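Peer 1: Quick one: sequence plus predicted model below, questions after.
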Amino acid sequence: MNLERESFNSLKARVLTQTRGTAPSTLNIVKLSAILSLGLAAASWVYVIAVENASLNEFFSRENLTYATGFISQMLGNNANKPAFLEAESWRNALFLSYETLQMSVLAISFAGIGMLLTVIPAARTARDGSLTLSRTWYGIVSFFLIRSVYTLSRAVPELIVAMIIVFIFKPGILPGALALGLHNFGILGKLCAEVVEDIDLRPSRALRSSGASTAQILLYSILPAAAPKFLTYMLYRWEVIIRTTIIVGFVGAAGLGRQFKLSMSWFHYTEVTLLLFSYLLLVVFVDLISGFLRRLTR
Amino acid sequence: MLKVQHLERHNRTIVSLLLIAAFVWSLSAVEWKEGLLHTGGINAILKIIGALFTPDLSPRTLQLAVTASWRTLAYATTGITLAIALALPLGIFASGVLCTSPAVKLPTAGFFRGLLGLMRAVHELVWAWLFVAAVGLTPFAAIFALAIPYAGILGRILADILNDVPRAPLEALRSSGASKLQLLVYGYLPISLADLISYTMYRFECAIRSAAIMSFVGLGGLGYQIQISLEDLRYHQVWTFIYFLVLLVILVDLWSNQLRKKLVT
Amino acid sequence: MKALPMFQLNGVGKSYGMTAALAPLSLTIEQGETIALVGPSGAGKTTLLNILAGLIKPDTGQVKIEGYPPAALPPGPKRSRKVGIMHQQFDLIEQLPVIHNVLAGRLGEWSFFRSLFSLLVPQDVQLARAALSRVGIADKIHLRTSRLSGGEKQRVALARLSVQDPKAFLADEPVSSLDPVRAEDLLVMLTRLAIEENKTLVASLHSPELALRYFSRIIALRNGNIYFDRSASQINSEELAGLYILEKEAIDVESAASGKA
């Protein structure tokens, strides 16, 4: 999750370079945003409380406290004959599901990464205006806008909704889940990595061009080597996010921990829910560790 | 020096090979033999893609989409405001800037960092489901489910930013007699405010998507409309609602980009 | 009854690792004196100022600030009433408007809630305005501090110091990042403020000419030792020049000594 910060900082640096040179104009947008956000917050709370009847008293009522403690004690295995988290068979099952979930996350980030790699070059602003490959073409301009709108669309649609659509087409299993996760993250990864390409130092490419390299050769020898470490960093960062989301696409029929979580919930097997949540947390920590390790290895 | 570079090269190759191996391993999990598609799956996909360019723009659907968008936006906003309210104290404690002695600082900062980590490790929809199972679906269950993981993320970022604040201006404040709390409001917070605002705006965009998928536990809004239109096989309507969601996300994205430009410079 | 000396140093020394930043030295600074610390960089000026401000503890010797040991003046109002310090990088909160940076000098006196409230409705505005007009930038009171020039920022730091109203002003290279004209302006303001309000002023400076022109007493440091310490009227320019030339010889002597050993 460190990367959260890293990608944010690079974003900040980009904004800085983009706006450098513009005069420090009025504070208007800041004031406007303050008013807008306060207004939005006020309107939203009023709506939620007045129209949707949200009540904090009701939420923290004595009744709810009884329900909640009951739920938690059920999760902890009170009044169950044998809590699932004490059974070897359930553990074996949970570990297998975790393994499956891990596979789904790897498949998802692979799909997103491959999709990104295939599209990222034309999606860079520097490719559109021709400064990246030193050739400006009409199809370059068209593909820039086309790819960028695909990125935006897939970024804006949440994984769960993509998954709901995909299970219409694919049989339940790892593949639809990985596709749904992959598609959403393809958009995010594409945007992040296109910005990496835009930030690449162009002088080496020009040198190559003047020594007679073709566009493809410039890509292979100058642009990809410069961008690859950042690409890998972003992919690892998105992988950390994906592992947290695998459980969600499982809810709508993809495989793994999420599907079992849904089933256990609907059968009120709450001790199983506890076990699954525990495995899920372990998996999240495991992936964070692996990703951190790989990042250090390539640094 | 040469040796280090050599090792690094080596590392890159190892990582690339590992990634390819991982991809192949993950492909092995797919059950290729039994067929991947539903019968009629191809038909469905063609219909869905066909509807992409002809969303349902009838007044009734549009009206439904507008109210659903507002609902999603309202839940995202309430969720993120509550998240900010939770993240402020938690993040400040997790940064340890209020502690004087390292003997107190290390355990408290560690505890709060751990707490924030746990809050964000669990996905908002899982929180939502646990709340619904425990106390039923109430608006506050949805708001808290959103707010908890987002407070975890925002609190963590707040702690990191506070720890990165330059020391010299703070020392100057201390020498003019400021207490730890005064240092916070006159030093730490004003210095990091711009960063915090732009990061929170970015998270607000994510909160809209999260609010939309709360439909899965029954919360109304765009996600809910998409879900019922899908169940009724009204693909044209599905796209209308998806386009509204995209529009909402893009609007917030534009807003936060404009604001960020102003704040960062 | 004669007032207690503002600062009394008795055998005060400080070293960082193997290098001695300040050889044990003794020094008395009376109330109301305006003192310039001069000497080449690395002579121990900043270390001495930070010891006077109570920011660092000396390894040996005793410090008395108006009769109190620094330990008896914990950070907070007790210390901020005695000494205030300004640094060469101004060290302001750039993101806050000027007024809050000036009023930050009052933080030691204010309760937490008053200081929080002041961010919304500034307290003691008259005080801040008066301090800013004395340094000539009353018109910048509501500007964001990051918009100011270096010279203006240093004036804000000075206004903060005057609002803090300690008995002694300490200034670490207050003019080193300013151009010569602005530097003189600031020194005029700083010394006038100190003299009019009967403050003790200790400032470290790079330029011996400026020191002679604006301060009553000059303390010259070299390699952590006091090279000379006398009133400005008794110093001739050869002595000052010697301060900087001797630096090289001192190194030669030292290396010769270590060569022998």
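Peer 2: Alright, I've got the coordinates.
Peer 1: Show me where chain A has its helices.
Peer 2: A:2-19, A:28-46, A:56-59, A:62-75, A:88-119, A:125-128, A:138-156, A:159-166, A:174-198, A:203-210, A:215-218, A:224-251, A:257-266, A:270-298 (DSSP state H).
Peer 1: For chain C, which of those helices is the nearest?
Peer 2: For those, proximity to chain C was assessed by Cβ to the nearest Cβ; helix A:28-46 is nearest, at 11.0 Å. In this view, the C-beta of every residue, glycine as well, is placed from N, C-alpha and C.
Peer 1: do the closest one and chain C meet?
Peer 2: No: residues of helix A:28-46 contacting chain C under Cβ under 8 Å from any Cβ of the partner chain: none, with a closest distance of 11.0 Å.
Peer 1: Would you mark the buried spots in that helix?
Peer 2: A:29, A:33, A:37, A:40-41, A:44-45 (16 or more other Cβ atoms under 10 Å in any protein chain shown).
Peer 1: same question, stretch B:172-188
Peer 2: In stretch B:172-188, counting by 16+ other Cβ under 10 Å, buried: B:172-179, B:182-188.
Peer 1: What helix or strand is B:Ile197 located in?
Peer 2: helix B:189-213 (DSSP states H and E).
Peer 1: for that helix, the distance to its chain's centre please.
Peer 2: Between the centre of helix B:189-213 and the centre of its host chain there is 8 Å, according to Cα atoms, centre = their mean, to the nearest Å.
Peer 1: how about the helices in chain C?
Peer 2: C:45-52, C:77-82, C:98-103, C:112-120, C:125-134, C:150-164, C:180-196, C:208-214, C:237-260.
Peer 1: got the CA coordinates for the fifth one in CSV?
Peer 2: Right, the one you point to is helix C:125-134. The C-alpha coordinates for helix C:125-134 follow below in CSV (Å, rounded to 0.1, in the frame of the first residue of the first chain):
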residue,chain,number,x,y,z
VAL,C,125,-5.3,41.6,15.3
GLN,C,126,-4.1,45.0,16.5
LEU,C,127,-1.0,43.5,17.9
ALA,C,128,-0.2,41.7,14.7
ARG,C,129,-0.9,44.8,12.6
ALA,C,130,1.3,47.0,14.8
ALA,C,131,4.2,44.5,14.6
LEU,C,132,3.8,44.3,10.8
SER,C,133,3.7,48.0,10.4
ARG,C,134,6.9,48.4,12.4
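Peer 1: before we move on, the earlier item: can you list the helices of chain A in TSV and add mean pLDDT?
Peer 2: Converted to TSV, those look like this (pLDDT from 0 to 100):
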stretch	mean pLDDT
helix A:2-19	56
helix A:28-46	90
helix A:56-59	78
helix A:62-75	82
helix A:88-119	90
helix A:125-128	77
helix A:138-156	88
helix A:159-166	88
helix A:174-198	91
helix A:203-210	78
helix A:215-218	77
helix A:224-251	88
helix A:257-266	86
helix A:270-298	87
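Peer 1: Compare those helices and give me the one nearest C:Ala211.
Peer 2: helix A:2-19 (40.8 Å; Cβ to Cβ).
Peer 1: Can you get me a residue count around C:Phe112?
Peer 2: 15 (other Cβ atoms under 10 Å in any protein chain shown).
Peer 1: Likewise for B:Val24?
Peer 2: 11.
Peer 1: residues in contact with C:Pro157?
Peer 2: Quick fix: residue C:157 is Ala, not Pro. B:172, C:86-87, C:90-92, C:174 (Cβ atoms under 8 Å, 6 or more residues apart in numbering or on different chains).
Peer 1: Which one of the residues you listed is nearest to A:Gly253?
Peer 2: C:Leu92 (58.7 Å).
Peer 1: The closest one and B:Glu171 touch, don't they?
Peer 2: No: counting by Cβ atoms under 8 Å, C:Leu92 does not reach B:Glu171; the two are 11.9 Å apart.
Peer 1: more neighbours, those two?
Peer 2: Counting neighbours by other Cβ under 10 Å for C:Leu92 and for B:Glu171 shows that C:Leu92 has the greater number, 25 against 15.
Peer 1: Give me the mean pLDDT for stretch B:123-134.
Peer 2: Per-region confidence: stretch B:123-134 scores 89 on mean pLDDT.
Peer 1: who touches that stretch?
Peer 2: With Cβ under 8 Å, 6+ apart, stretch B:123-134 has contacts from A:64, A:67-68, A:71-72, A:160, A:244-245, A:247-248, A:251, A:261, A:265, A:270, A:277, A:280, B:141-142, B:144-146, B:148-150, B:210, B:213-214, B:216-219.
Peer 1: hang on, the earlier thing: the helices of chain A: which one's closest to C:Phe112?
Peer 2: helix A:28-46 (24.5 Å).
Peer 1: do the closest one and chain B meet?
Peer 2: Yes: under the criterion of Cβ under 8 Å from any Cβ, chain B is reached by helix A:28-46 at A:29-30, A:33, A:36, A:40-41, A:43-45.
Peer 1: go on, stretch A:121-128?
Peer 2: No: Stretch A:121-128 is not in contact with chain B by Cβ under 8 Å from any Cβ; minimum separation 14.3 Å.
Peer 1: Now that stretch - C-alpha only, PDB.
Peer 2: Taking C-alpha atoms only, stretch A:121-128 is exported to PDB below (Å, rounded to 0.1, in the frame of the first residue of the first chain):
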ATOM      1  CA  ILE A 121       2.200   3.300 -26.200                       C
ATOM      2  CA  PRO A 122      -0.500   4.900 -28.500                       C
ATOM      3  CA  ALA A 123      -2.300   6.000 -25.300                       C
ATOM      4  CA  ALA A 124       0.500   8.400 -24.300                       C
ATOM      5  CA  ARG A 125       0.000  12.000 -25.100                       C
ATOM      6  CA  THR A 126       3.500  12.200 -26.500                       C
ATOM      7  CA  ALA A 127       2.600   9.400 -29.000                       C
ATOM      8  CA  ARG A 128      -0.400  11.300 -30.200                       C
END
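Peer 1: so how far is it from its chain's centroid?
Peer 2: On Cα atoms, centre = their mean, the centre of stretch A:121-128 falls 23 Å from the chain's centre.
Peer 1: if we can go back for a sec, out of the buried residues of helix A:28-46, which is nearest to B:Phe93?
Peer 2: Of the buried residues of helix A:28-46, the one sitting nearest to B:Phe93 (Cβ to Cβ) turns out to be A:Ala41, at 24.1 Å.
Peer 1: What's the mean pLDDT across the lengthiest helix in chain B?
Peer 2: The single longest helix within chain B, with elements called by DSSP H, is helix B:59-95. Average pLDDT, helix B:59-95: 94.
Peer 1: Which secondary structure elements does it sit against?
Peer 2: helix A:28-46, helix B:102-121, helix B:139-163, helix B:189-213, helix B:222-231, helix B:235-264 (3 or more Cβ pairs under 8 Å, 6 or more residues apart in numbering or on different chains; DSSP states H and E).
Peer 1: orientation of it relative to helix B:189-213 in degrees?
Peer 2: Inter-element angle recorded for helix B:59-95 and helix B:189-213: 140 degrees (by axes from the mean of the first three to the mean of the last three Cα atoms, to 10 degrees).
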